[in-house]
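Asks: Take this sequence and fold it.
(chains A and B)
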2 protein chains.
Amino acid sequence: MSARRVLHLPRGFSFSAVRAGIKESGNLDLALVEAVPGTTAAAVFTRNRVIAAPVEIGRKHLSAAQGHVRAVIVNSGNANCATGPSGLRSCLRVCGETAHLLRLNTQHVFPSSTGIIGVRLPAEKITTKLPELIAQREASEQAAVGQFARAIMTTDTRPKLASTKFRAGRKTVRILGVAKGSGMIHPQLATMLVYLFTDTAATPAELKRCLRAACDETFNCISVDGDTSTNDTVLLMASGESGVRLSAVKNKFQAALREVCGSLAEQIVADGEGVQHVIRLSVEQAKSRDEALDVAQSVARSLLVKTAWAGADPNWGRILAAIGASGVRIDPNKVTIFIGRQMVCRSGVACAFNEAEAHAELARPSCDVRIILHRGRASAGFLTTDLTAEYVRINADYST
Amino acid sequence: MSARRVLHLPRGFSFSAVRAGIKESGNLDLALVEAVPGTTAAAVFTRNRVIAAPVEIGRKHLSAAQGHVRAVIVNSGNANCATGPSGLRSCLRVCGETAHLLRLNTQHVFPSSTGIIGVRLPAEKITTKLPELIAQREASEQAAVGQFARAIMTTDTRPKLASTKFRAGRKTVRILGVAKGSGMIHPQLATMLVYLFTDTAATPAELKRCLRAACDETFNCISVDGDTSTNDTVLLMASGESGVRLSAVKNKFQAALREVCGSLAEQIVADGEGVQHVIRLSVEQAKSRDEALDVAQSVARSLLVKTAWAGADPNWGRILAAIGASGVRIDPNKVTIFIGRQMVCRSGVACAFNEAEAHAELARPSCDVRIILHRGRASAGFLTTDLTAEYVRINADYST
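Replies: Sure thing, here's the model as predicted:
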C-alpha cells in the first residue's frame, strides 16, 4: 500500500510522462494514460462553482462517450482555470491532438490540469511534446507509473501511490491509485487529482456507485487548509482485462477501492503544505453522520486549533470553542474530548491530565483526537493537520 | 475618534483598573465601571454554543434587572469558560462581592472575563483586590478610561477607544466605546469585549434596537481568523445624564453609535494577531446582503487568499476560487475583481493589469478588494486581514 513497495498493476493501462516546460522547475509536467478499448469510467468533480476548463470538458466527454475513456492527458504547472473561452479552446486542442495521434475519438480523451489559476495554458508546449509522450508509453510498468505519479505533482513533496488486489475464484482483480494534492485540501475535494485503475469489468453506473461510496469515506473526510479547489477530479477506470465482472465481486471490490482511496487520502494529508502533524479526528455519539462531519470540519478549519497543534499544545479549550461554533446544537456540558490516550475534558470541563504526555503525543507525526458529543449513535472519522508558519511561507510566496 | 485624541466622555460613569495577578505578565487585569442609578443597558453576546460563565450570568442579570446595570466588573487573563459549576460559582462570588462593596443588588452587576479557556478563575485574587479597585474609581477621567481600556487587553498590542458627540438643542450627547480583541475574530462576535457608554436617556428596548443595528454593520462584518469566541460581549449603557431622550434624537444617535462601533471594529482588525495588512472587502451586485456577506466570509476565511495577502501577492485566482466555494450560486463568468484601483479579473478571466502596482497597493497597511457578482443590487463591506507566520507563532505558543 505504499510507493516504496511493489505495486499491484491492473492490466489494460499504459503510462508515460515527459517534461513539457510548463513547470518553471523543468520537472516532469505532462502525463498520459492509455486504456484498452472498452474501458469504462466514472468520475467525481469539485463542487466549487468556479471550475477549470478541463473539468468542464472532462465531464462533457465522459457524458458524450457514455462512460467510456481511452486516454487521460494531464498537465501540472497550470490549472487552466479562469481562462475563459480561450482556456476551453486550449483544452480541446490538447484533447483533439491526443485523439488524433492515438487514433481515437476526441470524446474518449479525458483531460486534467493542476497548478496556478488564471494564467493561459501554453497548449503549444503540450502539443509539441505529445508524439514523444505517446512513443514512451509502457503497459503496466512500475517505473512508468512512478513517472506518471511524479508528473502530476505541484507542491507535493512526494508521489502518492496505492494498490491492492483480491482473488475472485482463479482470477485476480487489481486496483491501482495515483494521486496528487497538498494545498487547497477540504471536503468536496481539493486541488486533488486522483486516478484509479482496475482491471475488473463494470458498467459506468456500477463504477459511479462504488466511487461515490469510497470518496464519501475518504477524500471527503480530509482537510488541510479548508480551501476547495477548482480542478478536483477523481477518475475511476475499469479495463475489464481481469475477466472478472464487478457485479460478481461487489463487496470485495468496494472494500478494496475503499482501501486504496483511504491510503491515498492519508498520503495527501500527510504531505499537506507545511504539515508537521496529522490529526486523526473522531467525532462520536452524534445524532447523524452529517452532524459529526459538521463538528469535525469546524474543528479542522479553526486556525486557533490548528496553530495550537503546530505547537503540540494540548489546548482543548480551543477545540471546545470550535465545536461550539460548528452550528450543531451540542450541549457543551456533555462534550468529552480525548487527546491521544488521555481524556482532557469531561462534560465540558477540564480533567486532570498529564500535560507533558499530551504534548508528547501531539508532537508525534500523527495523533488521535476524539470528540464525544453524547447526542446519538452516529460518528465520523476525519483526517486533518496542524497549520504551521511553513504553510504560510509556502503560500505567501507561491506566484511572486 | 482615536485613542490619542481627547475623548468625549459621557457623564454618569466612573472607571478604575488594578493589577490582580491573573495575568502572568503582572499587567493591569481587573477593571470596574460604576454607573449612576437609573442607568439602562442592552447587550449582544457570542452565538457560540459554548459560552463562558460570565456570559451566562451577565445575560441572566441583565434580564432579572430588566435592563438596568450599575456596575461592570471585567477581568483579563482568564476567560472563565469550560469551568463548569465552579466557574459559575466563582463568577457569582465576584459579582456578589462587588455588589456588597458598592451597596448594590447583585443583579445590577454585569461580569466579563477574557483570556485562556478551561482554567479555573482565581476568584480570590479578584475579591482581594476589589476594595482597592473601588477606592480608585474616577468619574469620566480620561486617564481612568485609558487604564480601563488597558486592563481588558489580552494579546492586543494597544488599547482601543473611540468617542463622539452630537448636539441636541442646547444639550450634548456623548458616546464612548472601549474594546478589546485581536484573535478569535469572526462574525457573530469574536474574543471581543466592547463597552459602549452614553449619557442619553433610553429604555433597554430602545438601546437593544440601536445596538443590534450598529453591530450588524460593524462587529458582524469583521474577521481576522474565522474563530468565534465563547466570551464575546457588546454592552451598551445609557446613564441619562445628558438630559436628552434617545427617542428625540434617534437618527443622530444611531449614526453616532455606528461611528463609534465602526472605529472600534477597524481598530480591532488592524490590531489582529500578526496582521500586516487590513483588507477592505466590498462585495457588490449580490442578490441580497446575506449573499454578499457569505461571499465576503468565504474569501475572508480562505487560508490561500489570506496567505497570498501576507505576501502582497495579487493572486486573484485564489479569490475567485474562494468566491466559487462560498455556496452562493454565482456565475463565475460574470465575476469581476478589483485589487486596489485596478481591475484584475473581468467576467471570470484575467485582465491585463500592472502587477507591480497591485503588489505595491497590497503591501500598504490597508488595501481595497472589490468583488462584483453581477447578480443583483445588494452589497456588503467587510474588514479582514492577511494571515502571517507571526499569527501562527503567536497562537502556537499561547499556553505552552
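
Asks: outside of stretch A:133-151, which residues touch it?
Replies: For stretch A:133-151, the surrounding residues in contact (Cβ atoms under 8 Å, 6 or more residues apart in numbering or on different chains) are A:3, A:6-7, A:9-18, A:27-34, A:74, A:76, A:98, A:101-102, A:159-161, A:176, A:178, A:180. C-beta coordinates here come from the backbone N, C-alpha and C atoms, glycine included.

Asks: at 7 Å what do you get?
Replies: Stretch A:133-151 is contacted from outside by A:7, A:9, A:11, A:13-18, A:28-34, A:76, A:101-102, A:159-161, A:178, using Cβ atoms under 7 Å, 6 or more residues apart in numbering or on different chains.

Asks: what does the stretch 1-150 of chain A have sitting close to chain B?
Replies: With Cβ under 7 Å from any Cβ of the partner chain as the criterion, the stretch 1-150 of chain A meets chain B at residues A:N48, A:R49, A:V50, A:C81, A:A82, A:T83, A:G84, A:I116, A:I117, A:G118.

Asks: now stretch A:300-316: how far from the chain's centre is it?
Replies: Offset of stretch A:300-316 from its chain centre (Cα atoms, centre = their mean, to the nearest Å): 24 Å.

Asks: Please tell me how far A:A149 sits from chain B.
Replies: Going from A:A149 to chain B by Cβ to the nearest Cβ, to the nearest Å gives 24 Å.

Asks: That residue: helix or strand, and which one exactly?
Replies: Using DSSP states H and E, A:A149 sits in helix A:142-151.

Asks: Pull out the buried residues from that helix.
Replies: For helix A:142-151, the neighbour count (16 or more other Cβ atoms under 10 Å in any protein chain shown) marks A:A144, A:V145, A:G146, A:Q147, A:F148, A:A149, A:R150, A:A151 as buried.

Asks: May I see those arranged in JSON lines, with pLDDT as well?
Replies: Conversion of the buried residues of helix A:142-151 to JSON lines gives the following (pLDDT from 0 to 100):
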{"residue": "A:A144", "pLDDT": "92"}
{"residue": "A:V145", "pLDDT": "95"}
{"residue": "A:G146", "pLDDT": "94"}
{"residue": "A:Q147", "pLDDT": "95"}
{"residue": "A:F148", "pLDDT": "96"}
{"residue": "A:A149", "pLDDT": "96"}
{"residue": "A:R150", "pLDDT": "96"}
{"residue": "A:A151", "pLDDT": "96"}
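
Asks: Which ones among the contacts of stretch A:133-151 map onto strands?
Replies: Applying DSSP state E to these, the entries found in strands are A:13-18, A:30-34, A:76, A:160-161, A:178.

Asks: And the furthest pair within these?
Replies: Using Cβ to Cβ, those span at most 21.3 Å, a distance reached by A:E34 and A:K160.

Asks: Show me which of those two is the more surrounded one.
Replies: More crowded of A:E34 and A:K160, by other Cβ atoms under 10 Å in any protein chain shown: A:K160, with 27 against 21.

Asks: and that one, what pLDDT?
Replies: According to the prediction, A:K160 has pLDDT 94.

Asks: contacting residues for the residue in the stretch 101-250 of chain A that chain B sits nearest to?
Replies: Scanning the stretch 101-250 of chain A for proximity to chain B using Cβ to the nearest Cβ identifies A:I117 as nearest, at 2.7 Å. By Cβ under 7 Å, 6+ apart, the contact set of A:I117 is A:A79, A:C81, A:A82, A:T230, B:G317, B:R318, B:L320, B:A321.

Asks: doesn't the fourth one fall inside a strand?
Replies: When you say that, I think you mean A:T230. No - assessed with DSSP: H, G, I helix; E, B strand; the rest coil, A:T230 is coil; it does not lie in a strand.

Asks: Next one: it from A:D271, what distance?
Replies: The spacing between A:T230 and A:D271, counted by Cβ to Cβ, to the nearest Å, is 20 Å.

Asks: Same question for the second one.
Replies: Separation of A:C81 from A:D271 (Cβ to Cβ): 22 Å.

Asks: So for these two, which residue has more residues nearby?
Replies: Ranked by neighbour count (other Cβ under 10 Å), A:C81 and A:D271 place A:C81 first, with 31 against 23.

Asks: is it fair to say that one lies in a helix?
Replies: No - if the criterion is three-state DSSP, then A:C81 is coil and not within a helix.

Asks: what's the pLDDT at it?
Replies: pLDDT, read off for A:C81, is 90.

Asks: correct me, but it touches A:T230?
Replies: Yes - shown here, A:C81 and A:T230 form a contact pair, counting by Cβ atoms under 7 Å, at 4.6 Å.

Asks: so what sits against both of those two?
Replies: Common neighbours of A:C81 and A:T230 (criterion: Cβ under 7 Å, 6+ apart): A:V50, A:A52, A:I117.

Asks: Counting by contacts, list what the helix ranked longest in chain A packs against.
Replies: With secondary structure taken from DSSP state H, chain A has its longest helix at helix A:250-270. Counting contacts by 3 or more Cβ pairs under 7 Å, 6 or more residues apart in numbering or on different chains; DSSP states H and E, helix A:250-270 packs against strand A:160-168, strand A:171-180, helix A:204-217, strand A:222-223, strand A:378-385.

Asks: ranking these by burial, who's on top?
Replies: Among the helices and strands packed on helix A:250-270, strand A:222-223 has the highest mean neighbour count (mean count of other Cβ atoms under 10 Å in any protein chain shown), at a mean of 26.
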